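Engineer: Okay, sequence plus prediction incoming.
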Amino acid sequence: MKINFESANIAETEVIIRGDIASQEVAAILDYVKNLSSNTKKLMLFKEDEQFLISPSEVIYIEAKGNKVEAVTVSGIYDSKKKLYELKEALISEPFAQINKGTLVNIDFVKSVQAEFSGNYSLRLKQGKEILTISRKFFKEFKSKI
């Protein structure tokens, strides 16, 4: 295996693998990089006067409601002091996609997607009976994350 490092002034680190991408060696590298990026982050969320460190894998979706941003998790609903775009940037390496102007969803909690007559899509979550709307504008981003 040949390894090259290149310094670049970019916002996010980029990993490029050339060769047989179906090899076991490449699969092991991919698993390592995924685990490295997903195990390092926790979200600081609030409930009443208490602060909680929540793993992104526990968050089902995040929704902006007026001036408030709420995170719906497997253990309840929490508030965030960050804006939706800040959370989106923090979760860039996680399986989250923006599905409309005010909602980020964890792809791992999506049960099904159904096209609507209007051109939007309905997204059904695995847990609960909740249905979220994927607007046409954000469908491409959603599809690229799955």
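Structural biologist: Thanks, I have it.
Engineer: how many other residues sit next to the nearest residue to I17 once chain neighbours are set aside?
Structural biologist: Nearest residue to I17 in three dimensions, chain neighbours excluded: V26, at 5.7 Å (C-beta to C-beta, 6 or more residues apart in numbering). In this view, the C-beta of every residue, glycine as well, is placed from N, C-alpha and C. Neighbours of V26 under the rule other C-beta atoms under 10 Å: 15.
Engineer: Just confirm V26 is within a helix.
Structural biologist: Yes - under DSSP: H, G, I helix; E, B strand; the rest coil, V26 sits within a helix.
Engineer: Look up how far M1 lies from it.
Structural biologist: Remark: distance between V26 and M1 (C-beta to C-beta, to the nearest Å) = 10 Å.
Engineer: can you check E86 too?
Structural biologist: Noted for E86: a distance of 38 Å to M1, by C-beta to C-beta.
Engineer: higher neighbour count, these two?
Structural biologist: E86 (12 against 7).
Engineer: Just give the closest residue to V105, not the sequence neighbours.
Structural biologist: Of all residues not flanking V105 in the chain, Y61 sits nearest, at 4.4 Å (C-beta to C-beta, 6+ apart).
Engineer: For that neighbour, what is the enclosing helix or strand?
Structural biologist: Applying DSSP states H and E as the criterion places Y61 in strand 59-65.
Engineer: Not counting that strand itself, show me its contacts.
Structural biologist: For strand 59-65, contacts defined as C-beta atoms under 8 Å, 6 or more residues apart in numbering pick out 43, 69-74, 80, 83-84, 87, 96, 101-106, 109, 125, 127, 132.
Engineer: got the contact list for the residue nearest the centre of the chain?
Structural biologist: Closest to where the C-alpha atoms of the chain average out (C-alpha atoms, centre = their mean) is F96, at 1.5 Å. F96 makes contacts with P56, V59, I62, K88, L104, V105, N106, I107, K145, as judged by C-beta under 8 Å, 6+ apart.
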